[in-house]
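Novice: Give me a 3D structure for the following:
(2 chains)
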There are 2 protein chains.
Amino acid sequence: MRAVVVLPGLSSRLGLVRKSPVRRVAALLAEARGKKDLISFGGGAPSLPPPKEVIEFLIEKLREEPQFSASYGGTRGFLELRELISQDLKRYAGIEPDPAQEMIITEGATEGIFLSLMAVVDPGDEVIIMDPTYLGFIEAVKLCGAKPVGLPVYVEEGFQPDIERLKELIGPRTKAMILLSPDNPTGRVIEKERVKAIVDLACDHGFWIISDETYKHIIYEGQHTYTASLPGAWENTITVCTFSKTASIPGFRLGYAYGPAEAIDAMEKIKQYISLCPSTPAQLAMMAFFKDGVKERYLRETVIPTYKARRDVMGKYLAEFLPEAKTVRPAGSFFYFVNMKSYLERLKMDDETLCNQLIKEVSVVAIPGGYFGERGRDHIRLTFVSEPEERIIEGLSRMAKYITEKAG
Amino acid sequence: MRAVVVLPGLSSRLGLVRKSPVRRVAALLAEARGKKDLISFGGGAPSLPPPKEVIEFLIEKLREEPQFSASYGGTRGFLELRELISQDLKRYAGIEPDPAQEMIITEGATEGIFLSLMAVVDPGDEVIIMDPTYLGFIEAVKLCGAKPVGLPVYVEEGFQPDIERLKELIGPRTKAMILLSPDNPTGRVIEKERVKAIVDLACDHGFWIISDETYKHIIYEGQHTYTASLPGAWENTITVCTFSKTASIPGFRLGYAYGPAEAIDAMEKIKQYISLCPSTPAQLAMMAFFKDGVKERYLRETVIPTYKARRDVMGKYLAEFLPEAKTVRPAGSFFYFVNMKSYLERLKMDDETLCNQLIKEVSVVAIPGGYFGERGRDHIRLTFVSEPEERIIEGLSRMAKYITEKAG
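Specialist: Down below sits the predicted model:
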């Protein structure tokens, strides 16, 4: 509006956190747009419309009860919705958190993670996260004044956390460990035996597990392990989840968390001063998601078949077009995390440079693996849910052509 | 779900903040409900349905573009909505923040306050707030590690901040001052000359003003002062606002903040890890609020006449039924803040006991003034927007009957 003269200082905590580097990609995208047909393997959002029953129910509520639909609810969200989620967990996970005491509705998993960290960590505490991991975890840990400690995971090991390596990282300041399974960026589903071992360590050493189960229903093979359902896990585990991926409503900003009453109570206390209460229309919409088999039908008939076919196509052509790339076929979530070391060495590029070039030269968006942590370098993340199959092939073909020509 | 054995410890920051005491009132309410016709002067929510154009536009978007309506937007919210807000500010306040650089959409004013504090304060800093004040401010300041410093305001002075008293509170650790005008709980609209004096002090001493203008359009007499519009104010001021009161959509959780680009940038950075982005449906709905004079018509024809009539009725019968109560007729917002000292002395009760008794004995809800700060003791807060006129009279009559009988 006008030239800034002198501002009072900003908080030193700004020095601790970085802006999501995905934004830099967004700037490059803005440049590239209009020039050429852009194929995006960059996003993390679902690419399907939400179930029509959900939208119709919300429309009905808005029309028939506009005042109620726009009113405040409690900080924990509607009890009726928490009851529906608890029943759903009983069905899928064999656990049945008390809807009144052990559950809270959040603004997506993002708020769930922030609230759970605010509830359990003190400045100076350590929080163990995987490396690479979802980039929001690192910054959220720092915002709460704690220190992220990275547990390296490797493509050669299927990105599974190594328990012996984990033991070495546990110390007197270890206050929590964040699990994300199925994973962003690696697509890894943590093996049940490993989750069990982590639970045992959490119990023995008295630290929290924050289990982010955002992608729990986006599973193509095998089974999701509900951390809180494991023997002994309940008292040490806060589970964070969201409807963003399962119901394809990321813009509604709705998720939930469950765990021991004391932890949920602490999260509620903090939420009062951060966002007050969750969105009423979003909560109304999600009530319809749990009724009349809407959720099961939507996942079975739409979400899983669509994404699985795309995953398979990407896997097939990745192997065919870029045979030296190393990856693990994702058992869940939206992503291939691809080790490009062999090509990058010949290209004399790092992962970020390659991704920048791919946007500029062939209008294909991929995310540099280094954005997800030190051990993510030399990788790229490819989202397979955003584009239909023929465009996945086209995008990989363009990438491969550029890479193989340049790499000689 | 099961008996808690031993939990890992929770964050010591939980010891700093209390649960909103309004929740205790909620528990008493739950007991009272069903027993008797309850009259509530307790809430802080609008009591009108939102403009029908807003709901209809949202329904149309949900029906025609369900996938887009449920998609993620950017962390700052839709540029188009920020442009509409900027044009609206030009019209009302004569300022025109840059929609790209100087504005951010938030989850209501609650998130706006939290983000602005997180952006400007460091642990150990001091933040000046009025005493009494909106109770969320105190806890938000503490959650950010800073220390709230109360500036006493008195019913005898119309709850206006005294500038000489303020000067004495400013010290080397003063990092920000929060203004709320029109005010909750006092209904005070800060006089323009006083806002100017506060701006001068902020400039001289290099602290931030966080100007919460939640009730800026809920004005019955006089004029709202837009802090950021005052000479010299821009570089020191972050303004926080919400659509909750103006558009009667508290459950949509949508507000905004504007200020110097550096501060907004810092808020965006933090918001990425707290809530990611604002609700898409809520943003779509608010675009309709700014079009075709919907906002002006709604405020002029519905909001202000309804609330003003209720305010006048409450003022008239308060003076008639409880002549020893001292208050200031609110020039804005939703509340009378009433000094009950004269009655409380004879009742041998404090404000909290009186409010508890009023719920139990005559089913009338009022909020103890002490909840809003040390200087709020001996007061009660009465919301005048929640009940129609005849029930306002009935409620006051019940209160007065109980008080005068008991006080002798």
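Novice: Could you list the buried residues of stretch A:75-93?
Specialist: A:75-78, A:81-86, A:89, A:93 (16 or more other C-beta atoms under 10 Å in any protein chain shown). Where you see a C-beta, it was placed from the backbone N, CA and C, and this is true even at glycine.
Novice: which of those residues come close to chain B?
Specialist: The subset of the buried residues of stretch A:75-93 within reach of chain B, by C-beta under 8 Å from any C-beta of the partner chain, is A:Thr75.
Novice: Columns pLDDT on top of the buried residues of stretch A:75-93, output as TSV?
Specialist: Below are these laid out as TSV (pLDDT from 0 to 100):
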residue	pLDDT
A:Thr75	94
A:Arg76	96
A:Gly77	96
A:Phe78	96
A:Leu81	98
A:Arg82	98
A:Glu83	98
A:Leu84	98
A:Ile85	98
A:Ser86	98
A:Leu89	98
A:Ala93	98
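Novice: Which of the buried residues of stretch A:75-93 sits closest to chain B?
Specialist: The nearest member of the buried residues of stretch A:75-93 to chain B, counting by C-beta to the nearest C-beta, is A:Thr75 at 8.0 Å.
Novice: May I have the residues that are in contact with that closest one?
Specialist: A:104, A:268, A:271-272, A:276-277, B:20 (C-beta atoms under 8 Å, 6 or more residues apart in numbering or on different chains).
Novice: Among those, name the ones in strands.
Specialist: In this view, the contacts of A:Thr75 that belong to strands under DSSP state E are A:Ile104.
Novice: Report the two of the contacts of A:Thr75 separated the most.
Specialist: Farthest apart among the contacts of A:Thr75 by C-beta to C-beta are A:Ile104 and B:Ser20. That separation is 14.8 Å.
Novice: For the stretch 101-250 of chain A, what lies in contact range of chain B?
Specialist: Residues of the stretch 101-250 of chain A lying near chain B (C-beta under 8 Å from any C-beta): A:102, A:107-108, A:110-111, A:114, A:118-123, A:136, A:139-140, A:143-145, A:175-176, A:202, A:206-208, A:234-236, A:248-250.
Novice: so where is chain A shaky, pLDDT-wise?
Specialist: Scanning chain A for pLDDT under 70 picks out the ranges A:1-5, A:23, A:27, A:30-35.
Novice: what's the domain layout of it?
Specialist: Using automatic domain parsing, the domains assigned to chain A come out as A:12-49+A:296-407, A:54-293.
Novice: close to chain B, is the shortest one?
Specialist: Yes: between domain A:12-49+A:296-407 and chain B, judged by C-beta under 8 Å from any C-beta, the touching residues are A:12-14, A:17-20, A:45, A:48-49.
Novice: Was I right to think A:Gly315 contacts A:Tyr336?
Specialist: Yes: the criterion here is C-beta atoms under 8 Å, and A:Gly315 meets it with A:Tyr336 at 7.1 Å.
Novice: Find the residues that touch each one of the two.
Specialist: A:Arg329.
Novice: Now do the nearest residue to A:Lys142 once chain neighbours are set aside against B:Phe137, distance only.
Specialist: Of all residues not flanking A:Lys142 in the chain, A:Leu16 sits nearest, at 4.3 Å (C-beta to C-beta, 6 or more residues apart in numbering or on different chains). The gap separating A:Leu16 from B:Phe137 is 24 Å, by C-beta to C-beta, to the nearest Å.
Novice: just A:Pro49 next, same as before
Specialist: In terms of C-beta to C-beta, A:Pro49 sits 41 Å off from B:Phe137.
Novice: Can you pick out the residue with more neighbours from the two?
Specialist: More crowded of A:Pro49 and B:Phe137, by other C-beta atoms under 10 Å in any protein chain shown: B:Phe137, with 22 against 18.
Novice: Please name every helix or strand in contact with the helix or strand containing that one.
Specialist: According to DSSP states H and E, B:Phe137 maps onto helix B:135-143. Applying 3 or more C-beta pairs under 8 Å, 6 or more residues apart in numbering or on different chains; DSSP states H and E, one finds that helix B:135-143 contacts helix B:108-120, strand B:126-131, strand B:147-152, strand B:174-180.
Novice: Neighbour count for A:Ile104 and B:Ser20, which is higher?
Specialist: For A:Ile104 versus B:Ser20, the count of surrounding residues by other C-beta under 10 Å is larger for A:Ile104: 27 against 19.
Novice: since we're on the nearest residue to A:Glu387 once chain neighbours are set aside, how many residues are nearby?
Specialist: Leaving aside its chain neighbours, A:Glu387 sits nearest to A:Ile39 (5.9 Å; criterion: C-beta to C-beta, 6+ apart). A:Ile39 has 23 neighbouring residues, counting by other C-beta under 10 Å.
Novice: Would you confirm that A:Ile39 contacts A:Arg398?
Specialist: Yes: counting by C-beta under 8 Å, A:Ile39 does reach A:Arg398; the two are 7.1 Å apart.
Novice: Common neighbours of these two, please.
Specialist: A:363-364.
Novice: just to revisit the earlier point, for the residue nearest to A:Lys142, grab the count of nearby residues.
Specialist: Neighbour count for A:Leu16, taken as other C-beta under 10 Å: 12.
Novice: Roughly how far does the closest residue to A:Pro21 other than its chain neighbours sit from chain B?
Specialist: In space, and not counting its chain neighbours, A:Pro21 is closest to A:Tyr371: 4.5 Å by C-beta to C-beta, 6+ apart. A:Tyr371 is 13 Å from chain B, where distance means C-beta to the nearest C-beta, to the nearest Å.
Novice: picking that back up, among the buried residues of stretch A:75-93, which one sits closest to B:Gly187?
Specialist: For the buried residues of stretch A:75-93, the nearest to B:Gly187 is A:Thr75 (25.2 Å; C-beta to C-beta).
Novice: who touches A:Gln87 in this structure?
Specialist: So A:Gln87 contacts A:96, A:290 (C-beta under 8 Å, 6+ apart).
Novice: so which helix or strand takes in it?
Specialist: Counting by DSSP H and E, A:Gln87 is part of helix A:79-93.
Novice: How far away from the center of its chain is that helix?
Specialist: On the basis of C-alpha atoms, centre = their mean, to the nearest Å, helix A:79-93 sits 21 Å off its chain's mean C-alpha point.
Novice: how many other residues sit next to A:Gly171?
Specialist: Close neighbours of A:Gly171, defined as other C-beta under 10 Å, add up to 10.
Novice: what's near enough to touch the closest residue to it other than its chain neighbours?
Specialist: Closest residue to A:Gly171 apart from its sequence neighbours, by C-beta to C-beta, 6+ apart: A:Glu126 at 6.7 Å. By C-beta under 8 Å, 6+ apart, A:Glu126 lies in contact with A:146-149, A:171, A:173-175.
Novice: and if we set it to 6 Å?
Specialist: The contact partners of A:Glu126, by C-beta atoms under 6 Å, 6 or more residues apart in numbering or on different chains, come to A:147, A:149, A:173-174.
Novice: That one pairs with what?
Specialist: A:Lys147, A:Thr174 (DSSP bridges).
Novice: What separation do you get for it and chain B?
Specialist: 13 Å.
Novice: Compare A:Gly315 and A:Tyr336 (neighbour count), which wins?
Specialist: Here A:Gly315 and A:Tyr336 are set side by side on neighbour count (other C-beta under 10 Å), and the busier one is A:Tyr336, at 25 against 17.
Novice: The more buried one in helix, strand or coil?
Specialist: At A:Tyr336 the chain is in strand, as set by DSSP: H, G, I helix; E, B strand; the rest coil.
Novice: nearest residue to it other than its sequence neighbours?
Specialist: Closest to A:Tyr336 by C-beta to C-beta, 6+ apart is A:Leu382, at 4.5 Å.
Novice: which residues touch the helix or strand hosting the one you found?
Specialist: A:Leu382 is located in strand A:379-383, with elements delineated by DSSP H and E. Residues outside strand A:379-383 that contact it (C-beta under 6 Å, 6+ apart) are A:41, A:43, A:185, A:334-340, A:351, A:366-367, A:369.
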